[in-house]
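> My questions are about this predicted structure, shown below with the sequence.
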Amino acid sequence: MKLVLNASPLIFLTKADALFLLPMCFTEIRVPPTVITEVRDLILPTCIQPTRLTPEGQAYVRGAMGRLHAGELEAMVLAREYHITHVALDDLLARNKAKQLGLTPIGTAGLLLLANAKGLISGTLVKLKLQALIERHGFYLSPRVMEKVQDMLME
């Protein structure tokens, strides 16, 4: 499975000390240029490949700017250009746009749940990491999504 990352999941996984889980869940991980700029203070592991968009992709992003951020748009375009179905996005509007483009969005919570499903971290640790992100780092999960996470960890 391959993944394109937007800044928000990259930042939150770093704050949760969970970035190391990504290469155990995905065979290829790419990030677009704007995301690299947004996370310039982070030291990215070598498994995360900075990847440029084609000129056509760059033109699409420039033309589509509006309610979505450039990093979100670039992540979706990059995923389409490299035929990668999974794109890591936390913003609801961006996730909806990704679905419209035929992509599979996965957020920070979903990435932690995936690591749990693969047996890489416990359900208890997923809950602790999410709670720490919410309490200390401004991460937001709606009550409905938090309930869904709890239910998935019970299975």
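That came through, no problem. Just so you know, these numbers come straight off a predicted model, no measurement behind them.

> going forward, measure contacts and count neighbours with C-alpha atoms only.
Fine.

> who's in contact with the nearest residue to residue 2 once chain neighbours are set aside?
Among residues not flanking residue 2 along the chain, residue 28 sits closest, at 4.7 Å (CA to CA, 6 or more residues apart in numbering). By CA atoms under 8 Å, 6 or more residues apart in numbering, the contact set of residue 28 is 1, 2, 3, 47, 48.

> Do you have the helices of the chain handy? List them.
7-15, 22-25, 33-38, 55-64, 70-81, 92-100, 108-117, 123-137, 143-154 (DSSP state H).

> Of the contacts of residue 28, keep whichever come out buried.
For the contacts of residue 28, a burial check counting by 16 or more other CA atoms under 10 Å picks out 2, 3, 48.

> of those residues, closest to residue 149?
The closest of the buried ones among the contacts of residue 28 to residue 149 turns out to be residue 3 (CA to CA; 20.8 Å).

> Quick check: beta-bridge partners of the closest one?
Legend: beta-bridge partners of residue 3 under DSSP bridges are residue 29, residue 86.

> who's in contact with it?
26, 28, 29, 30, 79, 84, 85, 86, 87, 88.

> circling back: export the buried ones among the contacts of residue 28 as CSV, with columns for distance to residue 142.
Shown next, in CSV, are the buried ones among the contacts of residue 28 (distance: CA to CA, whole Å):
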residue, distance to residue 142
2, 27
3, 24
48, 29
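
> gap between the spatially most central residue of the chain and residue 1?
Central residue of the chain (CA atoms, centre = their mean): residue 88, 2.3 Å from the mean position. Distance of residue 88 to residue 1, computed by CA to CA, to the nearest Å: 13 Å.

> Then residue 74?
Distance, residue 74 to residue 1, by CA to CA: 20 Å.

> picking up where we left off before, pick the most buried one from the helices of the chain.
By mean neighbour count, with neighbours taken as mean count of other CA atoms under 10 Å, helix 70-81 ranks first of the helices of the chain at a mean of 24.

> what angle do it and helix 92-100 make?
Between the axis of helix 70-81 and that of helix 92-100 there is an angle of 10 degrees, by axes from the mean of the first three to the mean of the last three CA atoms, to 10 degrees.

> Send me helix 70-81 as PDB with only the CA atoms.
What follows is helix 70-81, C-alpha atoms only, in PDB (Å, rounded to 0.1, in the frame of the first residue of the first chain):
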ATOM      1  CA  ALA A  70      -2.100  24.300  -1.300                       C
ATOM      2  CA  GLY A  71      -0.600  21.300   0.600                       C
ATOM      3  CA  GLU A  72      -3.900  19.500   0.600                       C
ATOM      4  CA  LEU A  73      -4.400  20.000  -3.100                       C
ATOM      5  CA  GLU A  74      -0.800  19.100  -3.900                       C
ATOM      6  CA  ALA A  75      -1.200  15.900  -1.900                       C
ATOM      7  CA  MET A  76      -4.300  14.900  -3.900                       C
ATOM      8  CA  VAL A  77      -2.800  15.800  -7.200                       C
ATOM      9  CA  LEU A  78       0.400  13.900  -6.400                       C
ATOM     10  CA  ALA A  79      -1.600  10.900  -5.400                       C
ATOM     11  CA  ARG A  80      -3.400  10.900  -8.700                       C
ATOM     12  CA  GLU A  81      -0.200  11.500 -10.700                       C
END
